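J.: Dropping a prediction and its sequence here:
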Amino acid sequence: MKPIRMQVTALGGRIMAGHTNKAGTQLTEGSRQDVTSDFMKCLLQKAEHHGGGFIITGDGKSWDVTVTAIPVQGESHE
């Protein structure tokens, strides 16, 4: 089974998933799927699982990912 990779589009910032070409530099046209919404939902679920945030470390850098729920405009939270 070929591994699935993700990339962010340069213009729209959409997250695409699929199989890469032989050089490993681009996703092949027939396999590209927009997974932006699914990725964001998973990111929220991951943060909730870890109490609201987590740290990503890689490539010699670290990022603090924190997710905070905010009220939806027009909703009452009494």
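T.: Here it is on my side, so go on. Numbers count the residues shown, from 1 in each chain.
J.: Just give me the neighbour total for Ile4.
T.: 13 (other C-beta atoms under 10 Å). For glycine as for every other residue, the C-beta is placed from the backbone atoms N, C-alpha and C.
J.: what's the distance between it and Gln73?
T.: Distance of Ile4 to Gln73, computed by C-beta to C-beta, to the nearest Å: 36 Å.
J.: what does Gly24 give?
T.: Between Gly24 and Gln73 the distance is 43 Å, computed by C-beta to C-beta.
J.: do Gly60 as well
T.: For Gly60, the distance to Gln73 - C-beta to C-beta - is 40 Å.
J.: ok, now Ser37?
T.: 20 Å.
J.: and what of Ile15?
T.: As for Ile15, its distance to Gln73 is 26 Å (criterion: C-beta to C-beta).
J.: Strands along this structure, start to end?
T.: Secondary structure of the chain (DSSP state E): strands at 5-8, 15-18, 33-34, 53-58, 61-66.
J.: re earlier: out of Ile15 and Gln73, which sits in the busier spot?
T.: Ile15 (17 against 5).
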